[in-house]
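structure, please.
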Amino acid sequence: MSAETICRRDIVVVGASAGGVQALTRFVGWLGLGFAGAVFIVLHIAPGRSVLPGILGRRTELPVTHAVDGEPIDAGRIYVAPPDRHLLLEPGRVRVVTGPRHDGHRPGIDPLFRTAAWAYGERVVGVLLSGMLDDGTLGLEAIKRDGGLSLVQDPKDALHSGMPQSAISHDPPDLVGTVDELARYVVALAARGAQPASAGSR
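Okay, the predicted model is just below:
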């Protein structure tokens, strides 16, 4: 995916845990065929069969699939971490690996966020949704440190506020809002390269 053919804020990484299916279905519902970015999703799930791509695919026009190790990154697609595998990003491709559990989870949110920050820097938008405990907190910090943007679901809008509250307390995000507000903003970022006023210009 070349910088000449896509918008600047075009790598969208999304993490969720408890309450995440509801949040994710709302989020992807805003992503239509004209969406110019690529979306990568980690949801904490138990090992076994996952039907998440099918659930999300009923809410968006974009193709939604489990990520396959080594496949190229294409705009206008949603890649979902398979059960019991970490989803990582490298320049131009995705990696799907076993690796150690992260804070008891595989897939983990922080590994996706950190590798996205390393591979794509300021092009990354990190979105943290409903969940318990603190996975995603340090990953969002890495995204901001490398010039990306951090977006966090308003704890009052989340079924489980632990993960959003942890991220907000650790390092104030660029934007806190409802799932719908975050999704609308992600669409605007991909279309226009917009930034929230609090993020400044880069």
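
which parts of the chain are strands?
In the chain, the segments counted as strands under DSSP state E are 11-16, 38-43, 64-66, 78-80, 86-90, 93-97, 124-128, 149-153, 175-177.

what separates the second one from the chain centre, distance-wise?
What separates the centre of strand 38-43 from the centre of its chain is 5 Å, taken as Cα atoms, centre = their mean, to the nearest Å.

same check on the first one?
Its chain's C-alpha centre and that of strand 11-16 lie 0 Å apart, by Cα atoms, centre = their mean.

partners of that strand, with directions?
Note on strand 11-16: by DSSP bridges, its sheet partners are strand 38-43 (parallel), strand 124-128 (parallel).

kindly report the same for the fifth one.
With DSSP bridges as the test, strand 86-90 is paired with strand 93-97 (antiparallel).

now the strand it pairs with: buried residues?
For strand 93-97, burial by neighbour count (16 or more other Cβ atoms under 10 Å) applies to 93-96. Where C-beta positions appear, they are placed from N, C-alpha and C, glycine not excepted.

nearest to residue 18, of those residues?
Within the buried residues of strand 93-97, the smallest distance to residue 18 is 23.2 Å, found for residue 96 (Cβ to Cβ).

end to end, how far does stretch 109-128 reach?
End-to-end distance for stretch 109-128, by Cα to Cα, to the nearest Å: 9 Å.

what separates residue 121 from residue 83, distance-wise?
To residue 83, residue 121 is 29 Å away according to Cβ to Cβ, to the nearest Å.

go on, residue 68?
Going from residue 68 to residue 83 by Cβ to Cβ gives 14 Å.

among these two, which residue is more densely surrounded?
residue 83 (16 against 12; other Cβ atoms under 10 Å).
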